[in-house]
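S.K.: Quick check, what structure comes out for this input:
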Amino acid sequence: MSKFDFLDRFHKEQKLDVDRVALRDFASEIGGNIVTTPGGTYLEIVTEFTTKFLHGVKALQTLLAKRAVSLDCFETTSGNGNIDIEQFVFVDAETTGLSTTAGTVAFLIGVGYVEGDCFKVHQFFLPDYADEPPMLEAVADLVDGKTVVVSFNGKAFDLPLLEARYVVQRMTTPFADMRHLDLLHVSRRFWRGRFVDNTLQTLEKELLSVYRYNDTPSYLIPQLFFDYLRTGEPEPLAGVMLHNRLDIVTLLFLMNTVQTYLEDAPRFDYYSPLDALMIAKHLTRKGEIEAAVEVASRQFSGKMKHDTELSLAVHLYRSQKRLGRHEEALATVMFLRQAKGETKLFALEEAAKILEHRLRNYPQASQLVLEALEYLDGPLADLPPKRLSVWYDALQKRRQRLLQRLK
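M.R.: The predicted structure is shown next:
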C-alpha cells in the first residue's frame with residue numbers, strides 16, 4: 001500500500017448526511033411539502049396573500065385593482081405599452097455566496113405571481129446539492145408562460161446565477177426570452193441620494209412603511225445553509241425563508257410604487273424640484289424631450305436657492321436647446337447668472353453662444369462675455385488656477401471673435 005493511498009478518499013464523491021426526517025418534520029411545521037421525484041427531493045412552500053393583505057401602508061386589493069402595468073414607467077425606451085400583471089413573475093434567490101460562478105448554488109428560490117385576486121409565492125428549498133435538477137425543473141414549470149421577470153439587482157446577480165445553474169445541469173433556462181425589470185436600477189433612477197442607501201429593505205421602509213423586526217441579515221444566510229448541511233437541523237432556516245418571502249412581496253409593491261409615482265406626478269405638479277429633475281431625466285433618456293421640458297417647467301421657479309434648482313435649470317435649458325427653442329433656452333440660462341463659480345460662467349457663456357449663433361445679437365453676446373471675464377478676474381470666482389486658465393482662454397477667444405463680427 002502506497003503512503004499516498006489515503007489521498008484517494010478526497011477524490012471520491014462524498015454524500016452529505018442530511019437528516020430527511022428532520023426536514024420532513026420542519027416542512028410540516030412551516031406548512032411546506034416534501035416533493036419527491038425520480039431525480040431527487042426538494043421542499044416547496046406555497047404562501048397565498050389575499051386582497052385583505054396589507055404590506056406597510058398599502059393594501060393588496062388597491063394594487064390588484066390596476067391590472068395593467070405600464071412598462072414605460074420602468075424602461076428607457078418609449079412605446080413599451082401595458083402588460084397584464086398576471087404575465088409578471090417576481091424572483092429572488094438565496095445563495096451559498098456572492099459569485100455567479102459555477103461554485104455558487106441557489107439553495108432557496110422564491111417565485112411570486114398574481115393569479116386572479118391573489119398573490120402567490122412559491123419557495124423551493126434545496127435539501128442537498130444532488131437535488132438541484134428537480135428543483136430547477138419545478139421553477140421552470142412554474143414560470144412557463146410568463147413574459148416579464150421582476151427582480152432586485154437580478155440583472156447583476158440572481159438571473160445570471162440561475163441561468164448558470166441551468167447550464168451546469170444541462171437544462172434550458174426559463175428566463176431567456178423574458179423581459180427583465182430590475183427594480184434596483186429603476187429605484188436608483190428616481191430615488192438615488194434620497195435615503196441612506198438603495199437596498200430593498202431601505203426602500204420598503206421609506207416608500208412602503210414596512211419595518212422588519214428580527215429579520216435574518218443577508219450576510220448570515222449562506223452560513224445558515226452550510227450549518228444545516230453540517231448538522232441536519234433546518235429550523236434556523238425558517239428566518240431565511242421568511243426573509244426571502246418578504247423580499248418577493250416587496251418586489252410586487254415596489255413595482256406598483258414606481259408606476260404610481262410616475263402616473264400621479266402630473267396631478268401633484270411633479271412633487272418637488274428634485275422629483276421633477278429625476279422624472280425629466282427619465283423622459284430625456286427615452287427621447288421624450290417635449291415631455292421632459294413640461295415636467296421641468298412646472299417646478300422651475302427661477303429662484304436658484306438650492307443645488308437641485310440649479311440642476312433643474314441646467315436640464316431645462318439643455319432640453320429647450322435640443323428642441324430649438326432658443327429664446328426660451330436663453331431666458332432659462334439667464335436665471336443661472338444668479339449662481340456663483342463655474343455655474344455662473346457656464347450661464348454667461350451659454351447665453352453668449354445663443355445670442356451669437358442663433359439670435360445674431362453680437363453686441364449683447366459681447367457684453368455677456370465681458371461680464372464673464374470681469375467675474376473671472378474678481379474674488380468671487382474662487383477657481384483653481386488650472387480652471388481659471390481654461391475659462392480665460394475660452395472667453396478671450398470668444399470675445400475676439402465677437403469683436404471681429406462687430407466691425
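
S.K.: Buried residues, the lengthiest helix in the chain. List them.
M.R.: Secondary structure of the chain read by DSSP state H shows that its longest helix is helix 238-264. For helix 238-264, the buried set under the neighbour-count rule, 16 or more other C-beta atoms under 10 Å, comprises 239-259, 261-262. Where C-beta positions appear, they are placed from N, C-alpha and C, glycine not excepted.

S.K.: Stretch 32-52 now?
M.R.: Buried residues in stretch 32-52, counted by 16+ other C-beta under 10 Å: Gly32, Ile34, Val35, Gly40, Thr41, Tyr42, Leu43, Glu44, Ile45, Thr47, Phe49.

S.K.: next one: stretch 70-80
M.R.: Under the neighbour-count criterion of 16+ other C-beta under 10 Å, stretch 70-80 has Ser70, Leu71, Asp72, Cys73, Phe74, Glu75, Asn80 buried.

S.K.: For the residues you listed, give me JSON lines that also has distance to Gln338 and secondary structure.
M.R.: Formatted as JSON lines, these follow (distance: C-beta to C-beta, whole Å; DSSP: H, G, I helix; E, B strand; the rest coil):
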{"residue": "Ser70", "distance to Gln338": "38", "secondary structure": "strand"}
{"residue": "Leu71", "distance to Gln338": "40", "secondary structure": "helix"}
{"residue": "Asp72", "distance to Gln338": "36", "secondary structure": "helix"}
{"residue": "Cys73", "distance to Gln338": "35", "secondary structure": "helix"}
{"residue": "Phe74", "distance to Gln338": "36", "secondary structure": "coil"}
{"residue": "Glu75", "distance to Gln338": "37", "secondary structure": "coil"}
{"residue": "Asn80", "distance to Gln338": "40", "secondary structure": "coil"}
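
S.K.: Quick check: bridge partners of Cys118?
M.R.: In this entry, Cys118 is beta-bridged to Glu115, by DSSP bridges.

S.K.: Touching, it and Phe49? I think so.
M.R.: Yes: at 6.7 Å, Cys118 and Phe49 qualify as touching, with contact defined as C-beta atoms under 8 Å.

S.K.: quick one: the strands in the protein?
M.R.: Per DSSP state E, the chain carries strands over the ranges 32-37, 40-49, 54-55, 58-59, 68-70, 82-84, 88-95, 106-115, 118-125, 148-151, 179-182.

S.K.: Now do the contacts for Thr308.
M.R.: Contacts here follow C-beta atoms under 8 Å, 6 or more residues apart in numbering; on that basis Thr308 touches Ser272, Pro273, Leu274, Leu277.

S.K.: one more time with 10 Å
M.R.: Contacts for Thr308 (C-beta atoms under 10 Å, 6 or more residues apart in numbering) come out as Ser272, Pro273, Leu274, Asp275, Ala276, Leu277, Met278, Gln299.

S.K.: cool, and Glu374?
M.R.: Neighbours of Glu374 in contact, by C-beta under 10 Å, 6+ apart: Ala381.

S.K.: What sits closest to Arg387 if chain neighbours are left out?
M.R.: Taking C-beta to C-beta, 6 or more residues apart in numbering, and ignoring the residues beside it in sequence, Arg387 has Glu342 as its nearest neighbour in space, at 7.0 Å.

S.K.: swap that for Lys205, sorry
M.R.: Lys205 sits nearest to Tyr211 (C-beta to C-beta, 6+ apart), 6.0 Å away.
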